[in-house]
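A.B. asks: Structure for this input, please:
(one chain, ligands or ions: 1)
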Amino acid sequence: MASNNIKVVARFRPVNKVERNQYPPDGRPVIDISDTNDQVKLNNDDYSFDRVFNLDSKQEDVFEYGVRGIVDDVISGYNGTVFAYGQTGSGKTYTMMGSDIDDNNSKGIIPRITEQIFESILTSPPNMEYLVKVSYMEIYMERIRDLLSPSNDNLQVHEDKLRGVYVKNLSDYYVGDAKEVYEIMRQGSLARAVSSTNMNAESSRSHSIFLISIVQKNIETGSQKTGNLYLVDLAGSEKIGKTGATGQTLEEAKKINKSLSALGMVINALTDGKSTHIPYRDSKLTRILQESLGGNSRTTLIVNCSPSEYNVDETVSTLRFGMRAKSIKNSARVNTELSPAELKNLLKKSQRDRAIYEEFVNALEAELKLWRSGLTVPKEEWATKEPSAKENIPLNNLIPSSQSKPMIQNIDNTREEVRTNTIPTNLDKDEREDFLKYENELSDQLADKEKAVSSLERVLKELRDELEFYKSSHQSINEENSNFQTQLSDLRLQFERLEFDNKDNIINMDVLRDRNAELTASVNDLNKSLEEAKNAEKDSLAEDFEKKKAEKMAQMMAKFDATGFSEKNDTLRDVLSKLDEIDINENSDRSGLTSDDLSTIRRQLIEMQSLTRDSQDKLRASEQDNKALVSKREEVETRLHSLESEFEELLEKSIKEEEANNLDLQESINGIKEKLEAQYNTKREKVEIEVNDLRQQIEVKNHDVKTLKDEVKTMNGLNDELKRAFAVTSAGIEGGKNLVDSAKDLERTRKSLASQLNEFEGMKKSLMKDLQDRCEKVVELEIELDQYKEQYAQVLRSTNNKAAQKKMAFLERNLEQLTLVQKGLVDQNQSLKKEVAIAERKLLTRSERISNLEQLLQEADKRLVISNAKFEGQLQAVRERLEQARSQKASTTASINFGRIAKPLRGGGGSGSAGPSPTNKKTIDLSGIADNDDGSSTKRASWFFSAGK
Ligand SMILES: Nc1ncnc2c1ncn2[C@@H]1O[C@H](COP(=O)(O)OP(=O)(O)OP(=O)(O)O)[C@@H](O)[C@H]1O
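C.D. replies: All right, here's what the predicted structure looks like:
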């Protein structure tokens, strides 16, 4: 075992854009590298390293100086580590991986290592067989994540006697050439990039470890050496604030930095010269790289720095870190596994030891028995491991039982140490193994618990999400519900409104009905009053007619001077009374009536008689005239009736026409008016002519009456003469001759006169009556004429009063409209009722639907819960299966479809030139390799040899 220091090299990258922008034009480099390339001056401080690489250093130089030796060591069975430390952007990844894997100049350390490994294998002796495995992991927030199986994100660090410190369940891939290594690196980097996005952290905040394990087997001796090469790209060493990492709590930030600060602590403890305890277990990183720092490893630390003033603080801190690490001493040894012969020897030795110990145990038990039984065993007889002594172990020399305590204490201590994350120092090999076993168990349990916690957290998150979902769905349901409720209330409102409208309509209808009834009543009243007015008009007309008639009659009769008749009458009466007086005084005082007188009287009487006869003739003629007038009147009346009927017809027709056509009212009125006027004018003219005729006839009659009057006058004159004659006769009677004859004659005369007078009286009465009738008729005709005039005026008025008719028609129309409105309202009411019924039905169906939907929702909820539970179960089962599969490593990732089968590589047995190029290795028949070990081995050997040709 050789003790060696960690190799620390410092590398300064070129000035970058930001720095140049800060300090143009060259970003002001502030470092000064010594000519010997092992010192750098910064802020007047010197920092010494194994080598300092300048700004323009080549990748190849760094590799050659810092790494090539390590790779050789690893192939020889040593552990090796290459760290890249430095602030973000200082060139760690550039150094480790390079900017282009395929470019010879810019490819980094890892590709070069890979190539070197395979080249070295090819140049190794043919009796050496190699197995190369790679793993790729990442430490972020103290969780180890398998970058080649990213779902494994909480891997545990285990340690046992055989394997030392290792990451449990970390997937590893067998690789046969550099390309395969690159492919795996690419896949891992991809997973890293994806996870970094998912974790909301930059890749610079995680540590990546690329592990290459090389198992070297001597196929002749069977001895085996294992070398593990850890290639570590550390997280940015700067303070968190500087990069402005966001979204992390302080706790998380501490966790992120834990591994890095633990690394610093480990380096401090290793280099301060006084610490007895090295806190490897304080972080996952230091635990994994335990052997790399102060342990069994060849280690190179590359500190990457910025040369610019802009990053001077970080550069100083990085250089200090490197300086400290420089003094770490490692003691690397070859990890050998013994050959069968060596193992046989070891077995024999252990069997011997076992026999000795068994004997010793038996002796001890025998001694113990003695001690327990109260006996004592002398000291010289106490059981010992020495074969000579064991046969003579005296029973009283055995160790007291209480002395076994420290062992128990040790175990307790172990537990305590595990708890406090330190390993007890006072343990022997077996106890240490127990301790590690226990620790591993605990670590597994811890991982299980963490897994359970994370799955619980996942479940919790799912439940939360579900809760959120249910909350949101509840909210949406609530919203929907409230929507429905608002709709429902709207519907209710509508319904109520409809109901209200319906009621309102019913009320309106009632009101309209009432109004209709009122209107009908008022129309009836109007009709009645119209009728009454007509009747009244008729009555008043009749009255007027009677009145007028009476007046006219009075006027007319006034014209006829009946005094003549009455005078004559009076004269006659006087004559008669005289005659009566004569008759009375016949015996005593006879009047002096002479025969002349009598004859005169007779004559006159005869004249009177003839006059009376003439008058009678005239009266008869008058009667005939009168009849003719009556017939004429009747004719006029019938004509008037026909006119009236014609007029009514015309009126009706015109109204109908007007109603039918509803043409321009004024025009039609005017037309009708004109027509009526024309017609009426002709009729009037006719009537007037007739009236004039009648007037003329009346004139004639008046004339006749006048003549009659004159005749009566004449008769009056005659009567006077008669009077005188009578007086003379009376005087003759007084003379006293032929008194008896005269008395007789007188008597006869008196009688005849009396009869004639009566006759005359009757005649006169009949004449007067006839006259009166005629006058009446004339008056009636005149009144009728007036009436016609009035009617004509009325017709005119009626044409003007068309407005009234129009009003009537309007009223009728209104009535009709009202009736129509009423009907409409009734219809509307009915339709509203129907709508209400429909709305009610709809409401019912809607509420049914709502309840159905609610029921469905509840059922769906139930189903969802059931299916959720089922799904959970299935998911759990799948998870378990997946877990199983993962733990068995049976599954292969989709992207890496190689490396699951060991590919032993045989040494080329010659110089490097004899080896195949990485591309040539593509021709490996992998299917053959899997068949059987021996066959595949032969095949590979032949491939190697053939490739080397
Ligand atoms: N020696 C160098 N020569 C040329 N370019 C370099 C060198 N070192 C670093 N760079 C460039 O500087 C930039 C940052 O480098 P890189 O990504 O390697 O830094 P880093 O320390 O790995 O950062 P992070 O911690 O974020 O991963 C890259 O563009 C890289 O190509």
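A.B. asks: now the strands for the stretch 701-850 of the chain?
C.D. replies: Assigned by DSSP state E, counting those that start in this stretch, the strands in the stretch 701-850 of the chain number zero.
A.B. asks: Please, where are all the helices along it?
C.D. replies: 739-800, 802-888 (DSSP state H, counting those that start in this stretch).
A.B. asks: and the ligand, which of these is closest to it?
C.D. replies: Of all those, helix 802-888 sits nearest to the ligand, with 28.9 Å by C-beta to the nearest ligand atom. For every residue, glycine as well, the C-beta is placed using N, CA and C.
A.B. asks: re the thing from before, which stretch among the helices of the stretch 701-850 of the chain is buried most, on average?
C.D. replies: helix 739-800 (a mean of 17; mean count of other C-beta atoms under 10 Å).
A.B. asks: tell me the domain ranges of the chain?
C.D. replies: Recorded structural domains for the chain (assignment: the TED database) are 7-337, 346-384, 800-880.
A.B. asks: Please name the residues that touch the closest residue to the ligand within the stretch 101-250 of the chain.
C.D. replies: When scored by C-beta to the nearest ligand atom, the stretch 101-250 of the chain has Ser204 as its residue closest to the ligand, at 3.0 Å. Contacts of Ser204 were listed using C-beta atoms under 8 Å, 6 or more residues apart in numbering, and they are Thr88, Gly89, Ala235, Gly236, Thr243.
A.B. asks: 6 Å instead?
C.D. replies: Contact criterion C-beta atoms under 6 Å, 6 or more residues apart in numbering gives Thr88, Gly236 as the residues in contact with Ser204.
A.B. asks: least reliable of the helices of the stretch 701-850 of the chain going by mean pLDDT?
C.D. replies: Per-segment confidence across these bottoms out at helix 739-800, which has a mean of 68 in mean pLDDT.
A.B. asks: For Asn502, find the nearest of the domains of the chain.
C.D. replies: With respect to Asn502, and counting by C-beta to C-beta, the nearest of these is domain 800-880 at 4.9 Å.
A.B. asks: does Asn4 sit in a helix, a strand or a coil?
C.D. replies: The local conformation at Asn4, judged by DSSP: H, G, I helix; E, B strand; the rest coil, is strand.
A.B. asks: Run a quick neighbour tally on it.
C.D. replies: 15 (other C-beta atoms under 10 Å).
A.B. asks: Bridged to it, which residues?
C.D. replies: Asn330 (DSSP bridges).
A.B. asks: measure it to Arg112 for me?
C.D. replies: Using C-beta to C-beta, to the nearest Å, Asn4 is found at 22 Å from Arg112.
A.B. asks: And Met141, by the same measure?
C.D. replies: Counting by C-beta to C-beta, the gap from Met141 to Arg112 is 31 Å.
A.B. asks: cool, Trp382 as well?
C.D. replies: 64 Å.
A.B. asks: Compare those two (neighbour count), which wins?
C.D. replies: Comparing Trp382 with Arg112 by other C-beta under 10 Å, the one with more neighbours is Arg112, at 21 against 18.
A.B. asks: for the stretch 51-200 of the chain, what spans make up the strands?
C.D. replies: When assigned using DSSP E, counting those that start in this stretch, the strands of the stretch 51-200 of the chain occupy the ranges 51-53, 80-86, 128-140, 143-146, 157-160, 164-167, 173-174.
A.B. asks: helices or strands next to the fourth one in the packing?
C.D. replies: With contacts taken as 3 or more C-beta pairs under 6 Å, 6 or more residues apart in numbering; DSSP states H and E, strand 143-146 sits against strand 128-140.
A.B. asks: who does the strand it packs on touch, helix- and strand-wise?
C.D. replies: In terms of contacts (3+ C-beta pairs under 6 Å, 6+ apart), strand 128-140 is packed against strand 143-146, helix 178-198, strand 207-218.
A.B. asks: what's the angle between that strand and helix 178-198?
C.D. replies: In this structure, strand 128-140 runs at an angle of 10 degrees to helix 178-198, with axes from the mean of the first three to the mean of the last three C-alpha atoms, to 10 degrees as the basis.
A.B. asks: Strand 128-140 close to the ligand?
C.D. replies: No. Counting by C-beta under 6 Å from any ligand atom, the ligand is not contacted by strand 128-140; separation bottoms out at 12.2 Å.
A.B. asks: Ramachandran angles for the residue nearest to Asp56 when sequence neighbours are not counted?
C.D. replies: Nearest non-adjacent residue to Asp56, counting by C-beta to C-beta, 6 or more residues apart in numbering: Pro14, 7.0 Å away. Dihedral angles phi and psi of Pro14 (degrees, to the nearest 10) take the values phi -70, psi 160.
A.B. asks: Can you check the pLDDT for Pro14?
C.D. replies: In the predicted model, Pro14 carries a pLDDT score of 92.
A.B. asks: do Asn228 as well
C.D. replies: Note for Asn228: predicted pLDDT of 90.
A.B. asks: Lovely, talk soon.
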